[in-house]
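# show me the folded form of this:
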Amino acid sequence: MRNALTGALTGTALTALLAITVPATAAAQQTDRFEAKAAERLAELNIDSSEVRSVRYVLKRSNRDRSPDIIGAEAYVRLGRCSGYLVIQMTNSAYVRQTYTLGDCQLDGIPVY
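Residues are numbered from 1 along each chain as shown. The predicted structure follows:
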């Protein structure tokens, strides 16, 4: 009886662990296309990787059953030369919809909000 209970608890713990790690892994794999497109956009803007302090990706998710789970993403890029963000807004297929800055970041030809 004790061995059966131990086996059942081990199986339950393993199932819970997989339920937690599989979605995180899937989400990480889905951000690859956004990371590549954000790097491409930074190169278009002549922003060297040494100027980038950090990049945070926010995935936009759908709340409808019949549409894709992820409907787009925003990359928030913190640059060393200012105390705001450069935001790269993308669609589900990583098409760049718009690029703008927040805070005191100002780049030539990029709107500031």
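
# need the contact list for residue 97.
By Cβ atoms under 8 Å, 6 or more residues apart in numbering, the contact set of residue 97 is 72, 89, 90, 91. Where you see a C-beta, it was placed from the backbone N, CA and C, and this is true even at glycine.

# show me how this structure divides into domains.
According to automatic domain parsing, the chain comprises the domains 1-30, 31-113.

# go through stretch 83-95 and flag the buried ones.
By neighbour count with 16 or more other Cβ atoms under 10 Å, stretch 83-95 contains the buried residues 84, 85, 86, 87, 88, 89, 90, 92, 94.

# show residues contacting stretch 61-80.
30-31, 34-35, 38, 42, 47, 50-60, 85-92, 94, 97, 105.

# give me the subset of these that lies in strands.
Counted as lying in strands by DSSP state E, out of those, are 52-60, 85-91, 97.

# picking that back up, reformat the contacts of residue 97 as TSV; add distance to residue 112 and pLDDT.
Shown next, in TSV, are the contacts of residue 97 (distance: Cβ to Cβ, whole Å; pLDDT from 0 to 100):
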residue	distance to residue 112	pLDDT
72	22	93
89	15	98
90	20	97
91	23	94
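
# mind putting the residues you listed into CSV with distance to residue 113?
As requested, the contacts of residue 97 are exported to CSV (distance: Cβ to Cβ, whole Å):
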residue, distance to residue 113
72, 18
89, 11
90, 17
91, 20
